[in-house]
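K.L.:
structure of the sequence below:
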Amino acid sequence: MEGKEQPTGKLHFVGKKDELLEAKRTVRTLEGRDVLIVYHEGALYAMDSYCYHSGGMLQTGDIEEINGKLCIICPKHKYKISLAEGEGLYKGTDPRGKPPVARWYSKGIKQRTHTVTEINSEVYVKLSEVPGWIDSDYYQGEKGKVEREKAEAAEKAEKEKKEKTP
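P.N.:
Below is the predicted model:
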């Protein structure tokens, strides 16, 4: 979160627990940051709402267990992100293996995750205070909105180009 105001460290009320459980997923803007709150398999998670890769909205992504971790799948490009840590996962093959066997690898933390706390059936989110840059920071705030629009325009132009090519 370099070059940006640091989070205040306070708890932000995001909703009543029963409402969040019923909704399953919701987005709240906290201190100018769009945060996705997800309820899945008895737990609440909070993370930046735009995918670190290309700014895709994670709210509609499928959730799957991958390599023992619950992950949200970006609907835009199918990037896999662990709900608990924000770790980017990908499947790859080590060509030196005989025979080469596909397995899951980590890209490290790519998506900023936030702390969820429940107090008397009210749910609060504390924004991450992890210092330094995390890839999903790129698509947050006003600058992030501009970058998401640019990425969307570039994808649209690419798609139109492909449709015109015989």
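K.L.:
show me the strands in the protein, by range?
P.N.:
For the chain, the strands defined by DSSP state E cover 11-16, 25-30, 33-40, 43-48, 63-66, 69-73, 80-82, 87-93, 102-109, 113-119, 122-126.
K.L.:
for this structure, give me the ranges with low pLDDT.
P.N.:
1-6 (pLDDT under 70).
K.L.:
again, only this time at 90
P.N.:
Scanning the chain with the threshold set as pLDDT under 90 gives 1-9, 94-101, 141-142, 151-152, 154-156, 158-166.
K.L.:
any idea how far apart the tips of stretch 130-148 sit?
P.N.:
End-to-end span of stretch 130-148 (C-alpha to C-alpha, to the nearest Å): 23 Å.
K.L.:
any buried residues in it, and which?
P.N.:
Buried residues in stretch 130-148, counted by 16 or more other C-beta atoms under 10 Å: 134, 135, 136, 137, 138, 139, 140, 141, 144, 147, 148. From N, CA and C alone the C-beta is placed, and that goes for glycine too.
K.L.:
mind putting these into TSV with distance to residue 58?
P.N.:
Formatted as TSV, the buried residues of stretch 130-148 follow (distance: C-beta to C-beta, whole Å):
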residue	distance to residue 58
134	14
135	13
136	9
137	15
138	14
139	11
140	13
141	17
144	14
147	16
148	12
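K.L.:
with respect to residue 159, which of these is nearest?
P.N.:
Nearest to residue 159 out of those is residue 148 (C-beta to C-beta; 16.4 Å).
K.L.:
quick one: residues contacting that closest one.
P.N.:
Residue 148 is in contact with 50, 55, 139, counting by C-beta atoms under 8 Å, 6 or more residues apart in numbering.
K.L.:
let's have those in CSV, adding distance to residue 155.
P.N.:
Converted to CSV, the contacts of residue 148 look like this (distance: C-beta to C-beta, whole Å):
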residue, distance to residue 155
50, 14
55, 10
139, 14
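K.L.:
just the closest of those residues to residue 80, please.
P.N.:
residue 50 (15.5 Å).
K.L.:
so how far is residue 65 from that closest one?
P.N.:
With distances taken as C-beta to C-beta, to the nearest Å, residue 50 is found 23 Å from residue 65.
K.L.:
those two: which is more packed in?
P.N.:
Between residue 50 and residue 65, counted using other C-beta atoms under 10 Å, the more crowded position is residue 50 (28 against 9).
K.L.:
list the residues that contact the nearest residue to the more buried one once chain neighbours are set aside.
P.N.:
Spatial nearest neighbour of residue 50, chain neighbours left out: residue 139 (3.9 Å); criterion: C-beta to C-beta, 6 or more residues apart in numbering. When contacts are counted by C-beta under 8 Å, 6+ apart, residue 139 touches 48, 50, 51, 52, 55, 147, 148.
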